[in-house]
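Next come a sequence and a model predicted from it.
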Amino acid sequence: MKIVLSLFFACMYFSCYSQSHDITKEKWHWGNPSKQDTTAGYAQVLKVDNVLYISGAVTTKITPEGIRQVYEALEKSLKSYGATFQNVVKENLYTTDLEAMKTYNSVRKAFYKGDFPAATWVQVSRLYMIDAKLEVELVAHLPK
């Protein structure tokens, strides 16, 4: 009996039940034929089922123009699958200067047209690109 229970719990722990671990991923990356950046190792947009995972768009300046450039790049990422900012359900914003971002938040808000997603804003000491000051990533849902 102990062996049977041990095998049962081992199967539970190691997922012995027949369950597929395969998912279908579609990718988009700025017109790149491989649909991903193989140097850094990422795709700009990854679609699984009806969910878009959008990698961060960056700027080196936290000004109205810099913020607008970030959100225009995100808009292009969304449009690659026919989505808009109204499909966005989660936004993660990373910046080296949170106070400056708060000052120009109206630029960001204009892209959402009053339909804001869940959002997290974090101040960091630096981003992947050493001179970047702002990076924003999104999760969006497409209609089923």
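Here it is on my side, so go on.

Kindly state the beta-bridge partners for residue 57.
residue 136 (DSSP bridges).

How much space separates it from residue 127?
With distances taken as C-beta to C-beta, to the nearest Å, residue 57 is found 11 Å from residue 127. (Glycine included, C-beta is placed from N, CA and C.)

for residue 111, same thing?
The gap separating residue 111 from residue 127 is 20 Å, by C-beta to C-beta.

about what we covered before: overlap in contacts of residue 57 and residue 127?
When contacts are counted by C-beta atoms under 8 Å, 6 or more residues apart in numbering, residue 57 and residue 127 have residue 135 as shared neighbours.

what's around residue 77, how many residues?
When neighbours are counted by other C-beta atoms under 10 Å, residue 77 registers 22.

In which helix or strand does it reside?
Per DSSP states H and E: residue 77 is located in helix 64-79.

list the contacts for residue 113?
85, 86.

what number of residues lie near the residue nearest to residue 135 when sequence neighbours are not counted?
Leaving aside its sequence neighbours, residue 135 sits nearest to residue 56 (C-beta to C-beta, 6 or more residues apart in numbering; 3.8 Å). Counted by other C-beta under 10 Å, the residues lying close to residue 56 total 21.

Report pLDDT for residue 56.
pLDDT, residue 56: 96.

Pull the number of nearby residues for the nearest residue to residue 129 once chain neighbours are set aside.
Spatial nearest neighbour of residue 129, chain neighbours left out: residue 58 (5.8 Å); criterion: C-beta to C-beta, 6+ apart. Counted by other C-beta under 10 Å, the residues lying close to residue 58 total 19.

So residue 58 is in contact with residue 135, correct?
Yes: under the criterion of C-beta atoms under 8 Å, residue 58 makes contact with residue 135 at 4.6 Å.

and for those two, which residues touch both?
Residues within reach of residue 58 and of residue 135 at once, by C-beta under 8 Å, 6+ apart, are 70, 127, 128.

For PyMOL, what selects the buried ones among these?
Selecting the buried subset of the shared contacts of residue 58 and residue 135 in PyMOL, with 16 or more other C-beta atoms under 10 Å as the burial test, is done by:
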select buried, resi 70+127
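
Fine, thanks again, bye for now.
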